[in-house]
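J.: Based on what follows, work out the 3D shape:
(2 chains)
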Amino acid sequence: MNEVYTFVNSVLLGTTPILWAALGCLFAHRAGIYQLGLEGLMLIGAFASIGGAVAFGSAWTGILLAMAVCVLVSVVFWFVVVILKANAIIAGLGLVGIGVGGTSFLQGAIFHTSGAVSARAIVGTPVSGTATGPLSVLSSLSLLVYLLPVAAFVVWVVARRTNFGLRVSASGQYPFAAKAAGVRVRLVQLGALCITGAMCAVGGSQLSVGSLHAFSYDMTSGVGYVAFTAVLFGREAPWGVVLASFIFGIATALGIFSQIHAIFGLPLEFIQMMPYIVTVLALWFAGWRWPQAGSAAEGAFAELRG
Amino acid sequence: MIVLGCVDVRVDFGVTVALDGVSLSWEQPGAIHAVVGQNGAGKTTLCRVIAGLTRAERGEVIVEGTEHPATAQGRRRKGVELVHQTFALPPQFTVAEALQLFRPGTARGGMFRRGAMERRWAGQLEELGFTVSPKALIRDLAPEQQQAVEITRALSSGSRVIVLDEPTAVLPPEAITGLFERLRALAAQGITFLVVMHKLRQVRELADTVAVLAGGKVVLPPTPMQTIDDEEIARLIMGGATEQAVTGASAVAMGLADAPEGLAGVAVPNGRQHAGGPASASASASASASASASASAAAAAAAADAAMSPLDNSRPAAHGAVEARDLPGSPRSEPAPAVLRVVDVSVSSIEGRRGLRSFSVDVRPGEIVGIAGVEGNGQQALVDVVVGLLAPRDGRVEIGGREASGLRIAARRRLGLRYIPADRQSRAVSLSSSLWVNAMAAPVSSGYGVSGSVRRGFLSERKLRKRGEERLERWQVRYAGSDQAMRELSGGNLQRVVLAREVDDDARLIVAEHPTQGLDLGGTGLVWEALRRARDHQVGVLLVSSDLDELFALSDRIVVILDGERVDELRPPYDRATLGHAMVVGAAS
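T.: The predicted structure is shown next:
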């Protein structure tokens, strides 16, 4: 029984960073921008929150700092992709590179270490120290986990029940219509990217000040890409993204679980591949089941200038 | 008071001038004002400038007596609404969401409840007499329903001036009457409409005044319909744009008959060659166009008479077909083996596309077979099966006597299959590629007609480009350089590029799908003439169209499709009533 509790706990732990980033990335996707730089944003967020926690002695200040930094980075990303019209995929990969290299460089420059930077200030854990019983599911989960349902609900309201949400979708699906409706497509895209940045910062913070209480080189190890996939797999719908993130979270937890318990005698390496195999399968399924539409929209957009 | 107008508006698109010092003014409110002109005459640009969506280099726009500079950057102008030719509605939105996007005003704090929002828009739609569910997805709506949403959207702004850019181009014939009634009712309530249209018959039916644009200039200021006749308007439309319009019908005659690569050597029995003669003469001399003003007017009349018959509804219905049949030495005297055989083909219906049920049709060389039917009765599936985009569930397709079911598109093209798709922008061309690439892409990728351009297994870009340019020139595509991107061309010019690629020497079977949809008179004439010439050169043509005039003018036979089934076959002389009955009810028996 205890193993089940531990497993559920690690599912929540695995899902949380994915879901925060994916819920944010949902806005970028709906606005028609493939933000492939989630991985980089999350790393920057993880590093900035640890840095803030060390400097100011408060994890929440650290998270706010992380959000500010990631929003700033997103503005730059917007400028490069939307204004300078760089390819979003390439720019996203560049952002990942900056995230990995930049945090590693700053880690050495500021903390003079290439190992882990740990912070004493951490995010509160409402239930802690319970090693057994049903409560152990919630044991030592940070507040950022508890905030997830709220975040998901707010994302749903903003995306599906506000004028801003409609403008974001129109800008992504059919900019021609958005322009005709008087929507300033570029500004809407800026807003969407900033939301993405801020939420990625929270996702990254969950990894550092939220659970490990430390930052180490490339600590996201692919979570950002998984979040990106979750948005595709969830068809850019808030509840779809929640569901997809949980599927990936479960796959991640299986990987951790298998390090302790052998599953059906499968090799450990294979189990650790699970999250990534699931990701590939999910992408294939999404592409097969829900092919992309919209060439007509692009054609129509071509007649607009400026 | 000037209810709508513009003063000295100029718009450039790169090297081309779209509007050149256009001044127009309409004074009568609560009326329907038409603007007509060829493709590329600047009508759409004018609409966009008036609505404030395109920035003009200079000039002013007047809306209900107020002057606005036309040079403001892409912001919508207050008091005037544009209903686009391509509907500006996001396809995956619901009707209510789309309307909400355009009129966010009433949402408290930018947030809304779905139910309340849907009720509000349902009320608006109902008030205007439209039956569209606010919950329906835009992409599931018929064109006339999308248009209804657009008009609702435009009127809900409180604007009293509505600009409609080719409102009839996308509508099936049966929906046009409804639209006209609605517009007249709204005009009676004081709404002023500015309507861009192609078909003079429709202008006559709908509009109170007409203005003509040609080559970016005003050639006729707004004139009451009662004081001008169709011939005069047609002359202004054609005359203003000189060679392009005049030679629409004869371009092909000239191109195909004289070009080195043309369908050479075959004697062409063609009644219109004579009519084409003076027209082409005036075209080649048109560098000094004004020199032969009377000649070009005569040519325009001849061209209009011969090929521009969409202009004139009163001509005998079977004019074209009968004439072709009566030609001396018609090659169709002995039956040839079919170039296309579709035998008992069935295709499953899927969401948004009707399938086929045991459908059969033959096309013999030198024959145009029309497919008539109300939109969405399986035409799409038939075309897709023939061109190789869709595998039939059951049945056989033979092209040039060969079983084609297992053949890829390239292999079908090598057998002489050519395709003029309805959706030009996404199926027919690549908008971002250059003109010569568009003209040569299909031959290169299918591996025909490029033998002279290959050296040691490598393609020579220089030679391909030259061949592409030859094709473009033979079809009189107007362009600055063959490296220009496709998207810079206007609709009619774009279709010329498609024709340049699809109607070539190696063609044996042409599938033409709504080939003149959205084209002006000149463009329509060109396409018709191209298909007729192809027929005269023993090419088989499968013509899918919802324009009955077009079917009557071109088809040697008309096969009627209803609910995926072949319900009737008609031969000339055609009769509107019989065909209409067959399209809706099935065979008249």
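
J.: CA only for contacts and neighbour counts going forward, please
T.: Noted.

J.: quick one: furthest residue from the center of chain B?
T.: B:Gly109 (43.9 Å; C-alpha atoms, centre = their mean).

J.: For A:Ala159, see how far away that residue is.
T.: B:Gly109 sits 14 Å away from A:Ala159, going by C-alpha to C-alpha, to the nearest Å.

J.: Next: A:Asn9.
T.: In terms of C-alpha to C-alpha, A:Asn9 sits 29 Å off from A:Ala159.

J.: thinking again about what came up before, relative to A:Asn163, how far out is the residue farthest from the centre of chain B?
T.: 9 Å.

J.: swap in B:Ser157?
T.: B:Ser157 sits at a distance of 16 Å from A:Asn163 (criterion: C-alpha to C-alpha).

J.: do A:Thr16 as well
T.: 28 Å.

J.: neighbour-wise, which of these two wins?
T.: Shown here are A:Thr16 and A:Asn163; by other C-alpha atoms under 10 Å in any protein chain shown, A:Thr16 has more neighbours (28 against 24).

J.: I figured the more buried one was touching A:Pro149, is that so?
T.: No. With contact defined as C-alpha atoms under 8 Å, A:Thr16 does not reach A:Pro149; the gap is 10.5 Å.

J.: Pretty sure B:Ala41 sits in a strand.
T.: No. B:Ala41 is assigned coil when assessed by DSSP: H, G, I helix; E, B strand; the rest coil, not a strand.

J.: got the contact list for it?
T.: By C-alpha atoms under 8 Å, 6 or more residues apart in numbering or on different chains, the contact list for B:Ala41 reads B:Ala18, B:Leu213, B:Ala214, B:Gly215, B:Gly216, B:Lys217, B:Ala241.

J.: Is it possible to get TSV of these that adds neighbour count?
T.: Listed next are the contacts of B:Ala41 as TSV, based on neighbours: other C-alpha atoms under 10 Å in any protein chain shown:
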residue	neighbour count
B:Ala18	22
B:Leu213	25
B:Ala214	25
B:Gly215	21
B:Gly216	25
B:Lys217	22
B:Ala241	20
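
J.: May I ask which two of these are separated the most?
T.: Maximum pairwise distance in the contacts of B:Ala41, criterion C-alpha to C-alpha, is 12.8 Å, between B:Ala18 and B:Ala241.

J.: which element follows the longest helix along chain A toward the C-terminus?
T.: Longest helix of chain A, by residue count under DSSP state H: helix A:2-30. Using DSSP states H and E, the helix or strand that follows helix A:2-30 towards the C-terminus is helix A:38-56.

J.: That next one vs helix A:2-30, what angle?
T.: Orientation check (axes from the mean of the first three to the mean of the last three C-alpha atoms, to 10 degrees): helix A:38-56 against helix A:2-30 gives 110 degrees.

J.: now helix A:38-56: mean pLDDT?
T.: Averaging the model's pLDDT scores along helix A:38-56 yields 95.

J.: How about stretch A:107-119?
T.: What stretch A:107-119 shows for mean pLDDT is 88.

J.: For chain B, see how far away A:Ser27 is.
T.: To be clear, residue A:27 is Phe; Ser isn't right here. Between A:Phe27 and chain B the computed distance is 16 Å (C-alpha to the nearest C-alpha, to the nearest Å).

J.: Return the residues of the stretch 101-250 of chain B in contact with chain A.
T.: B:Leu101, B:Phe102, B:Pro104, B:Ala107, B:Gly110, B:Met111, B:Phe112, B:Arg113, B:Arg114 (C-alpha under 8 Å from any C-alpha of the partner chain).

J.: Which members of those residues are classed as buried?
T.: Buried subset of those (neighbour count, 16 or more other C-alpha atoms under 10 Å in any protein chain shown): B:Leu101, B:Phe102, B:Pro104, B:Ala107, B:Met111, B:Phe112.

J.: least confident pick among these?
T.: Scoring these by pLDDT puts B:Ala107 last, at 58.

J.: how near is B:Asn493 to chain A?
T.: From B:Asn493 over to chain A (counting by C-alpha to the nearest C-alpha), the distance is 15 Å.

J.: May I ask which helix or strand encompasses that residue?
T.: Per DSSP H and E: helix B:491-502 holds B:Asn493.

J.: what about the next helix-or-strand element following that helix, average pLDDT?
T.: Heading C-terminal from helix B:491-502, the first helix or strand you meet, by DSSP H and E, is strand B:509-513. For strand B:509-513, mean pLDDT is 95.

J.: Can you name every helix or strand that strand B:509-513 contacts?
T.: When contacts are defined as 3 or more C-alpha pairs under 8 Å, 6 or more residues apart in numbering or on different chains; DSSP states H and E, strand B:509-513 packs onto helix B:379-387, strand B:417-420, strand B:540-544.

J.: Tell me where the stretch 101-250 of chain A has helices.
T.: In the stretch 101-250 of chain A, the helices defined using DSSP state H, counting those that start in this stretch lie at A:143-146, A:148-161, A:163-173, A:175-180, A:185-205, A:223-233, A:238-260.

J.: now B:Ser432: how far from B:Phe87?
T.: Relative to B:Phe87, B:Ser432 is positioned 21 Å away (C-alpha to C-alpha).

J.: that older thread, mean neighbour count for the helices and strands packed on strand B:509-513 - can I get that in a markdown table?
T.: Formatted as a markdown table, the helices and strands packed on strand B:509-513 follow (neighbours: other C-alpha under 10 Å):
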| stretch | mean neighbour count |
| --- | --- |
| helix B:379-387 | 23 |
| strand B:417-420 | 25 |
| strand B:540-544 | 28 |
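
J.: would you turn those into TSV with mean pLDDT and distance to B:Arg487?
T.: Below are these laid out as TSV (pLDDT from 0 to 100; distance: least, C-alpha to C-alpha, whole Å):
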stretch	mean pLDDT	distance to B:Arg487
helix B:379-387	93	25
strand B:417-420	94	18
strand B:540-544	96	25
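
J.: number of nearby residues for the nearest residue to B:Ser545 once chain neighbours are set aside?
T.: Residue nearest to B:Ser545 in three dimensions, not counting chain neighbours: B:His514, with 4.6 Å by C-alpha to C-alpha, 6 or more residues apart in numbering or on different chains. Per other C-alpha under 10 Å, the neighbour tally for B:His514 reads 17.

J.: Now B:His514: phi and psi?
T.: Main-chain torsions, B:His514, degrees, to the nearest 10: phi 40, psi 60.

J.: Read off the pLDDT value for the residue farthest from the centre of chain B.
T.: For B:Gly109, the pLDDT comes out at 74.

J.: Could you pull up the contacting residues of it?
T.: By C-alpha under 8 Å, 6+ apart, B:Gly109 has no neighbours at all.

J.: and the end-to-end length of stretch B:481-491?
T.: End-to-end for stretch B:481-491, by C-alpha to C-alpha: 18 Å.

J.: Give me the helices and strands touching the helix or strand encompassing B:Glu398, please.
T.: B:Glu398 is located in strand B:394-399, with elements delineated by DSSP H and E. When contacts are defined as 3+ C-alpha pairs under 8 Å, 6+ apart, strand B:394-399 sits against strand B:340-347.

J.: Pull up the pairing partners for the strand it packs on, direction included.
T.: If you go by DSSP bridges, strand B:340-347 pairs up with strand B:356-363 (antiparallel), strand B:394-399 (antiparallel).

J.: Could you tell me which residues make contact with the nearest residue in space to A:Val231 that is not next to it in sequence?
T.: With C-alpha to C-alpha, 6+ apart as the criterion, A:Val231 has its nearest non-adjacent residue at 5.4 Å, and that residue is A:Val241. Residues near A:Val241 by C-alpha under 8 Å, 6+ apart: A:Leu19, A:Ala22, A:Leu23, A:Leu26, A:Ala230, A:Val231, A:Phe233, A:Gly234, A:Arg235.
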